[in-house]
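Participant: Need a 3D model of the following:
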Amino acid sequence: MAAASAILLLPPRERFGGQRVPAATARWLGRGDHDPGDGDRLHDWLDILPRGWPAAAITRQRDAGDADGSTWLRADPVYIQPDINGARLLSHGDALALTAEDAAAFMPALRPLFGDTGMPIDAPVPTRWYLRAPPGAKLPAMAAPDQAVGMDLFDHLPEGPEGRRWRALLSEAQVALHNHPRNAQRQAAGLAPVNSLWFWGAGRLPDHVTAGVSHALSDDDTLVAFLEAGGARVESLPDRRTGADTASDGRTLIDLRHARDLALVDRDWLSPLLADMAAGRLAGFTLDFADGHRVRVARVHRWRFWRRPWSVPGVAAAAVPEDDL
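Facilitator: Sure thing, here's the model as predicted:
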């Protein structure tokens, strides 16, 4: 049996509710080993010491190489849209189409605000802005922006006495950004304004990171930074599976947590991986759903013919011819 294997990181199973998978795929998944788990399994593939997910520090090190010895917080540019019930995060990261010139234009309005509090701000990458925190600073805990798109900003604001300081800083930053002439230029060009910041990812650079995979495919900047720090070879995620997408030996991590269309996941990844497995080019693969459920599929499982087909709860198996792999 080939030594190569693959791990597919997938969103929570509920994201696929009501969709269909081919009967052949459902049959293979039914024959696999199922572990219900509890919570995100991403840390099973990354050994980080001390334990945690210091996203700001690890991406800062990748972006600027100066993270060691300081505590960092991301203060990423975002577009917030006010509504009758509050204000919702609508756009961040690449979706904002920020340029280096945009970031350079906004920084002078923000540097005095944060510099006076002892937390200098800078933007080594147009979409990733950072605060360097003074020793002992109590930093807010907020979800990553890609986990909060469409959610109310006020549900994520820091609470309590320490939170009051951060809420005040955010309000002042919003005023500075709202009045900034660069936003008027962006809107005239049909681009969303940068009207708020998103604080998240606080922490220090880990003492130790080891990746449990030799190869990875991902477009998530934070995951890429951790994997590279852990020694994995990381490439951008291709549109679909090709023969070169998995290592000839070892384990390949494939980051599909953004996926919403199960038919595309099957067409571009599951079915090709099953074909490789049946041909002996792949030992097997693992599906890691973000809700904790794990499915391990191996070539030897083809003999479990008595097991019923399985698919994502609430997802039906399509009535298509069952061509055995």
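
Participant: tell me what the strand ranked longest in the chain is packed against?
Facilitator: In the chain, taking DSSP state E as the definition, the longest strand is strand 71-83. Where contact means 3 or more Cβ pairs under 8 Å, 6 or more residues apart in numbering; DSSP states H and E, strand 71-83 is packed against helix 55-64, strand 86-92, helix 100-115, strand 128-133, strand 196-204. From N, CA and C alone the C-beta is placed, and that goes for glycine too.

Participant: Kindly calculate the angle that that strand makes with helix 55-64.
Facilitator: For strand 71-83 against helix 55-64, the angle by axes from the mean of the first three to the mean of the last three Cα atoms, to 10 degrees is 110 degrees.

Participant: could we number from 45 for the rest of this?
Facilitator: With 45 as the first residue, the last one maps to strand 115-127.

Participant: Using CSV, write out the CA atom coordinates for strand 115-127.
Facilitator: Extracted in CSV, the C-alpha atoms of strand 115-127 (Å, rounded to 0.1, in the frame of the first residue of the first chain):
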residue,chain,number,x,y,z
THR,A,115,3.1,40.5,22.3
TRP,A,116,1.1,41.2,19.1
LEU,A,117,-2.5,41.9,18.3
ARG,A,118,-4.0,42.0,14.8
ALA,A,119,-5.9,45.2,14.1
ASP,A,120,-7.1,44.3,10.6
PRO,A,121,-9.0,46.8,8.3
VAL,A,122,-12.6,45.8,7.8
TYR,A,123,-15.8,47.2,6.4
ILE,A,124,-18.7,47.3,8.8
GLN,A,125,-22.2,48.1,7.7
PRO,A,126,-24.5,49.7,10.2
ASP,A,127,-28.1,48.3,10.4
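
Participant: Return the distance of that strand from the chain's centre.
Facilitator: Distance of strand 115-127 from the chain centroid (Cα atoms, centre = their mean, to the nearest Å) equals 16 Å.

Participant: Partner strands of that strand, with direction?
Facilitator: Sheet pairing here is set by DSSP bridges, and for strand 115-127 it gives strand 130-136 (antiparallel), strand 172-177 (antiparallel), strand 240-248 (antiparallel).

Participant: Can you mark which positions in stretch 211-225 are buried?
Facilitator: By 16 or more other Cβ atoms under 10 Å, the buried positions in stretch 211-225 come out as 213-214, 217-218, 220-221, 224.

Participant: Stretch 323-332 too?
Facilitator: Neighbour count says stretch 323-332 has 326-332 buried, by 16+ other Cβ under 10 Å.

Participant: out of these, which one sits closest to residue 349?
Facilitator: Using Cβ to Cβ, the shortest approach to residue 349 within the buried residues of stretch 323-332 belongs to residue 328, at 17.2 Å.

Participant: Check the gap between the closest one and residue 91 for me.
Facilitator: Using Cβ to Cβ, to the nearest Å, residue 328 is found at 22 Å from residue 91.

Participant: repeat for residue 312
Facilitator: Taking Cβ to Cβ, one finds residue 312 at 30 Å from residue 91.

Participant: Neighbour count for the two, which is higher?
Facilitator: Legend: neighbour count by other Cβ atoms under 10 Å for residue 312 and residue 91, higher for residue 312 (19 against 14).

Participant: about what we covered before: residues of the longest strand of the chain that come out buried?
Facilitator: 115-124.

Participant: repeat for stretch 89-100
Facilitator: Going by neighbour count (16+ other Cβ under 10 Å), the buried part of stretch 89-100 is 89-90, 92, 97-100.

Participant: In a markdown table, list those residues along with pLDDT and distance to residue 253.
Facilitator: Formatted as a markdown table, the buried residues of stretch 89-100 follow (pLDDT from 0 to 100; distance: Cβ to Cβ, whole Å):
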| residue | pLDDT | distance to residue 253 |
| --- | --- | --- |
| 89 | 94 | 11 |
| 90 | 95 | 7 |
| 92 | 96 | 5 |
| 97 | 93 | 11 |
| 98 | 95 | 10 |
| 99 | 96 | 12 |
| 100 | 97 | 15 |
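
Participant: Make CSV from those and add distance to residue 303 to it.
Facilitator: Output for the buried residues of stretch 89-100, formatted as CSV (distance: Cβ to Cβ, whole Å):
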residue, distance to residue 303
89, 18
90, 20
92, 25
97, 21
98, 26
99, 21
100, 26
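
Participant: Would you mind listing the two of the residues you listed that lie farthest apart?
Facilitator: Maximum pairwise distance among the buried residues of stretch 89-100 (Cβ to Cβ): 20.8 Å, between 89 and 100.

Participant: low-scoring pLDDT stretches of the stretch 195-344 of the chain, where are they?
Facilitator: Applying pLDDT under 70 to the stretch 195-344 of the chain flags residues 285-293.

Participant: If anything else comes up later, I'll come back, but that's it for now.
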